[in-house]
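# Pasting the sequence and the predicted coordinates here, then a few questions.
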Amino acid sequence: MAQNLIVSTSPHLHSGARTQRIMLDMLIALTPAAIAAVVFFGWPALVIIAVSVISAVGSEFVFNLIVKKKQTIGDLSAAVTGLLLALTLPVSKDTVGNVWWQTMLGAIFAIVVVKCLFGGIGCNFANPAITGRIFMLICFSETTTPVATGFGTLVSGATPLSAIKAGAAAEELPSVLDMLIGNRGGAIGETCAIALVAGGIYLLCRRVISWHTPTIFIGATFLLSLALTGFDLNASVYQLLGGGLILSAFFMATDYATTPLNKWGKAVFALGCALITVVIRFFGNYPEGVSYAILIMNILATPIEILTSPKALGSKKAKKGGNA
């Protein structure tokens, strides 16, 4: 009796990892960056993190309640989105009065519009945290203006990337050590490179993410920056450590739902993110381009997956008259 077999590319086996476990690993990996944010930016950072996470989880709960859908807040994905969004935002004692309610709106937009209205986790076309940040960039530009750290002497807006964009001399920039530990201006979760790399290594060890996307994204951005700066190693290091490159490469560009699954697809996706990031940074008016780069590549993720997926064994049609 003839049977119709379904032929498809990998993955074919379930790893056994549940969404809740994966999201818990993400929260654990982001904890060092969150702690560093509070250390360097003080209590305003803690307020913004709390508001963002509560707003994200609360909006998903209310949405599911209204549409009479099974509650999904237990999978922790909304909490991850809220934490990621908070870590991409700058805040200080002077700005927290406005930033808290704007962050709440950004978190609601990320969860309800980008995630829930498209069917929930796994169905969204773009990373909710990235899209929430861009929503806030467009609606509340003053909220996304980087501020000084609690320990630093930087003035508002004087991040390394914006200073480089303005033609600042090397001696006017924070030291590489300050860049590594986080004692500089910027978004609360992107300044401490050591904390972010530690979280990324944890995810790699837990096999929550693969090395392809973060390594190629960060590496290609560095090499392209090196070429465009006339092989200025110091300037390229600042492009690597400045902005949200490391945060986004490990925690946003590796999102399962909005990025390709196969290895070649991941490589193409990461290269595209790096190229767009560098083009915006070097040739655009905006000193940072990571968020826009990932959003654009999220939109292109499906065609990239289709074009780079290996042909499944048996998928080729047999020639007419050939053996069955």
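Thanks, I have the structure now.
# Who are the contact partners of the nearest residue to Thr215 once chain neighbours are set aside?
Nearest residue to Thr215, sequence neighbours excluded (C-beta to C-beta, 6 or more residues apart in numbering): Ala270, at 7.8 Å. Every residue, glycine included, has its C-beta placed from N, CA and C. Counting by C-beta atoms under 8 Å, 6 or more residues apart in numbering, Ala270 makes contact with His212, Thr213, Pro214, Thr215, Ile216, Phe217, Ala220, Ala249, Ala253.
# Which secondary structure element is home to Ala270?
helix 263-283 (DSSP states H and E).
# how about that helix: buried residues?
Across helix 263-283, burial judged by 16 or more other C-beta atoms under 10 Å covers 265-274, 276-278, 280-282.
# what's the closest of those residues to Glu172?
Arg281 (18.2 Å; C-beta to C-beta).
# how about the closest one, what does it touch?
Leu161, Lys165, Ser225, Gln239, Gly243, Pro287, Glu288, Gly289.
# related to what we said a few turns ago, can you tell me which of the buried residues of helix 263-283 is nearest Leu84?
Using C-beta to C-beta, the buried residues of helix 263-283 come closest to Leu84 at Cys273, 16.1 Å.
# which ones are touching that closest one?
Per C-beta under 8 Å, 6+ apart, neighbours of Cys273: Phe217, Ser248, Ala249, Ala253, Val290, Ala293, Ile294, Met297.
# Can you say which two of these are spatially most distant?
Using C-beta to C-beta, the contacts of Cys273 span at most 12.0 Å, a distance reached by Ala249 and Met297.
# Extract the residue ranges of the stretch 151-300 of the chain that are flagged as low pLDDT.
151-158 (pLDDT under 70).
# quick one: buried residues of stretch 246-256?
Ile246, Leu247, Ser248, Ala249, Phe250, Phe251, Met252, Ala253, Thr254, Asp255.
# Tell me which stretches of the stretch 51-200 of the chain form helices.
Counting by DSSP state H, counting those that start in this stretch, the stretch 51-200 of the chain has helices at residues 77-87, 96-108, 128-139, 160-165, 176-181, 193-205.
# most packed of those?
Most buried of the helices of the stretch 51-200 of the chain, by mean neighbour count (mean count of other C-beta atoms under 10 Å): helix 77-87, with a mean of 28.
# Which residues does that helix contact?
19, 23, 26-27, 30, 33-34, 37, 48-49, 51-57, 59-60, 72-73, 103, 106-107, 110-111, 115, 121, 128-129, 132-133, 187-190, 247, 251-252.
# By neighbours, which of the contacts of Arg281 wins?
Gly243 (27 neighbours; other C-beta atoms under 10 Å).
# Please name the nearest non-neighbouring residue to that one.
Glu288 (4.4 Å).
# Model confidence score at the residue lying closest to Ile121 once chain neighbours are set aside, please.
Nearest residue to Ile121, sequence neighbours excluded (C-beta to C-beta, 6+ apart): Ser77, at 4.9 Å. In the predicted model, Ser77 carries a pLDDT score of 95.
# For Ser77, give its distance to Ala195.
22 Å (C-beta to C-beta, to the nearest Å).
# Then Cys273?
Distance, Cys273 to Ala195, by C-beta to C-beta: 21 Å.
# sorry, back to before: select from the contacts of helix 77-87 every entry located in strands.
Using DSSP state E, no member of the contacts of helix 77-87 falls in strands.
# Of those residues, just the buried ones, ChimeraX syntax please.
ChimeraX command restricting these to the buried ones, with burial defined by 16+ other C-beta under 10 Å:
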select :23,26,30,33,34,37,48,49,51,52,53,55,56,57,59,60,72,73,103,106,107,110,111,115,121,128,129,132,133,187,188,189,190,247,251,252
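# need the contact list for Ala257.
Ile121, Gly122, Cys123, Asn124.
# Same check on Val112?
Taking C-beta under 8 Å, 6+ apart as the test, what Val112 contacts is Ser59, Glu60, Phe63.
# Name the residues of stretch 168-177 that are buried.
Residues Leu173, Pro174 are the ones in stretch 168-177 that count as buried (16+ other C-beta under 10 Å).
# Contacts made by it with the rest, please.
So stretch 168-177 is contacted by Gly152, Leu154, Pro160, Ala163, Ile164, Asn183, Arg184, Asn234, Val237, Tyr238, Leu241 (C-beta under 8 Å, 6+ apart).
# Could you turn the buried ones of those residues into a ChimeraX selection?
Of the contacts of stretch 168-177, the buried ones can be selected in ChimeraX as follows, counting by 16+ other C-beta under 10 Å:
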select :152,154,160,163,164,183,184,237,238,241
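# Turn the contacts of stretch 168-177 into JSON lines, including distance to Arg206.
Converted to JSON lines, the contacts of stretch 168-177 look like this (distance: C-beta to C-beta, whole Å):
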{"residue": "Gly152", "distance to Arg206": "33"}
{"residue": "Leu154", "distance to Arg206": "35"}
{"residue": "Pro160", "distance to Arg206": "31"}
{"residue": "Ala163", "distance to Arg206": "36"}
{"residue": "Ile164", "distance to Arg206": "35"}
{"residue": "Asn183", "distance to Arg206": "29"}
{"residue": "Arg184", "distance to Arg206": "29"}
{"residue": "Asn234", "distance to Arg206": "34"}
{"residue": "Val237", "distance to Arg206": "28"}
{"residue": "Tyr238", "distance to Arg206": "30"}
{"residue": "Leu241", "distance to Arg206": "24"}
